[in-house]
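> No letters, just coordinates:
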Ligand code: ADP
Ligand code: MG
């Protein structure tokens, strides 16, 4: 980490990128030729940073720079550039466990807060594939493996506490982005905030949610769980815009929100974006069967997560403080350990449902809206799609007992699809 601004920091434009890369020979070498041979494209489409793709005769690179402000908001919303440091620290920490499921890092420039990494092409953002109705056969399985490995190997199940303490020493400093998560995910959507961007026909829903004490109690529980349950290293923003895919490959990008928190947060975030894609789909271009594909993928994702997480745990032979091996050596104790493992995974599921619901609500009533809904031009139709997602999210937060397993969640999706724009009308059905 470094203080910012440092005198040498400059915002890079596309025109500056060739000279920048020339000044770092190990990167220039990957491109081949000289600066004059390189093509640069500005592909920033996220909320925060600059991203350039560079092609040379020998290869390509992706160059990502943290700007001193939130890119989509402009200079009026300053933002700590050290987020690039946390993204790099996160990627390096997980590399041994997630392998090719993350892009390879080539360089971190801690003066310019520039990360240079493997260029992913022809990969596209998963959200785009979902909007186009293109099934991606590996992604649920791959992301399940990614999250299972991260949640297991960075937890107290897989190492002595000193290792997690060292991680905490780094990631608890990621306070600027943590502030965004706490405010935008858990706080703003339940209050009047000038950052909220609510589709106009949903004002009645927003106002009901602001007045809903049961919902505020539930979200308080979620917020406190997020702040206090230091279980494993989280990506912190694992939505379909943070995953790049082809039909044969999956890559998780953009770990700048990294934080030590409840493992269910990343799981819930991923499922939330599948659920929202499900509610949005009827208003997209016709894609027969795609909603069914989404529900099948949600089931696959959870089943694969569970299998892989338990698999990592059962085959683990190192020393860890969570469940010391010598406490569970005899057959009876080993059987008890197996039931403790299952209980641990059940707790993760409960957390995942809670965070899934929180993530849905923030994407509908909060600042950072998602393209799955925004591409629905007609505001009333968009609000209809969003109302279904909101009604489901409320049900999950206030009635967790309705969702003992992933099948119950999937079975309940259609029940809320017709929630409609008047919450008072549907309140009897959906609030009860
Ligand atoms: P932000 O932090 O601003 O959200 P992202 O890391 O999500 O930025 O990147 C923004 C966009 O840049 C992505 O949506 C993707 O299109 C592109 N991108 C990011 N990383 C890569 C990469 N390694 N290879 C190719 N394109 C990338
Ligand atoms: Mg992003």
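Received it, and whenever you're ready, just let me know what you need. Keep in mind that this is a model prediction, so the values were computed, not measured. Numbering: from 1, shown residues only. Ligands and ions are numbered 1, 2, ... in the order given.
> Flag every residue of this protein that's near ligand 2.
Contacts of the chain with ligand 2, taken as Cβ under 5 Å from the ion, map to 46, 254. For glycine as for every other residue, the C-beta is placed from the backbone atoms N, C-alpha and C.
> Tell me where the chain is predicted with low confidence.
Counting by pLDDT under 70, the ranges of the chain that qualify are 2-5, 426-432.
> Would you enumerate the residues in contact with the residue of the stretch 301-432 of the chain found nearest ligand 1?
Closest approach of the stretch 301-432 of the chain to ligand 1 (Cβ to the nearest ligand atom) occurs at residue 368, with a separation of 9.9 Å. Under the criterion of Cβ atoms under 8 Å, 6 or more residues apart in numbering, the contact list for residue 368 reads 47, 184, 362.
> top of these by neighbour count?
Across those, the neighbour count under other Cβ atoms under 10 Å reaches its highest value at residue 362, namely 25 neighbours.
> That one reaches residue 182, doesn't it?
No. Counting by Cβ atoms under 8 Å, residue 362 stays clear of residue 182, with 11.0 Å between them.
> Please enumerate the helices of the stretch 201-350 of the chain.
In the stretch 201-350 of the chain, the helices defined using DSSP state H, counting those that start in this stretch lie at 203-210, 213-228, 264-280, 290-315, 331-365.
> Also compute the angle for the third one relative to helix 290-315, please.
Read it as helix 264-280. Between the axes of helix 264-280 and helix 290-315, defined by axes from the mean of the first three to the mean of the last three Cα atoms, to 10 degrees, the angle is 170 degrees.
> Mind giving me the packing neighbours of helix 264-280?
When contacts are defined as 3 or more Cβ pairs under 8 Å, 6 or more residues apart in numbering; DSSP states H and E, helix 264-280 sits against helix 126-132, helix 139-153, helix 290-315, helix 331-365, helix 371-374, helix 379-398.
> In the shortest one, which of the residues would be classed as buried?
If I follow you right, that is helix 371-374. Buried residues in helix 371-374, defined by neighbour count with 16 or more other Cβ atoms under 10 Å: 371-373.
> Nearest to residue 53 among these?
Checking the buried residues of helix 371-374 against residue 53 with Cβ to Cβ, the nearest one is residue 371 at 19.9 Å.
> who are the neighbours in contact with the residue nearest to the closest one when sequence neighbours are not counted?
Taking Cβ to Cβ, 6 or more residues apart in numbering as the measure, residue 371 lies nearest to residue 127, with 5.9 Å between them; neighbours along the chain are not counted. With Cβ under 8 Å, 6+ apart as the criterion, the residues that contact residue 127 are 239-241, 273, 277, 370-372.
> Tell me which two of those sit farthest apart.
Taking Cβ to Cβ, the two most distant members of the contacts of residue 127 are 241 and 277; they sit 11.6 Å apart.
> So between these two, which is more surrounded?
For residue 241 against residue 277, the residue with the higher neighbour count under other Cβ under 10 Å is residue 277, and the figures read 26 against 21.
> From residue 128, how far off is the more buried one?
Shown here: residue 277 relative to residue 128, a distance of 11 Å by Cβ to Cβ, to the nearest Å.
> Tell me, how many residues neighbour the residue of the chain found nearest ligand 1?
Across the chain, no residue is closer to ligand 1 than residue 46, which sits at 2.0 Å (Cβ to the nearest ligand atom). Applying other Cβ under 10 Å, we find 18 other residues in the vicinity of residue 46.
> Show me which residues of the stretch 101-250 of the chain sit near ligand 1.
When proximity is defined by Cβ under 6 Å from any ligand atom, the stretch 101-250 of the chain lies next to ligand 1 at 103, 117-120, 125, 241.
> Where does the one residue in the chain that gets nearest to ligand 2 fall, secondary structure wise?
Minimum separation of the chain from ligand 2 (Cβ to the ion) falls at residue 46, amounting to 3.4 Å. Assigned by DSSP states H and E, residue 46 belongs to no helix or strand.
> List the contacts of it.
When contacts are counted by Cβ under 8 Å, 6+ apart, residue 46 touches 71, 241, 254.
> and the first one, how many neighbours?
Put plainly, it is residue 71. The local packing of residue 71 (other Cβ under 10 Å) involves 17 other residues.
> Tell me the secondary structure at the closest residue to it other than its chain neighbours.
Once its chain neighbours are removed from consideration, residue 71 has its nearest residue in residue 48; the separation is 5.4 Å (Cβ to Cβ, 6+ apart). For residue 48, the assignment made with DSSP: H, G, I helix; E, B strand; the rest coil gives coil.
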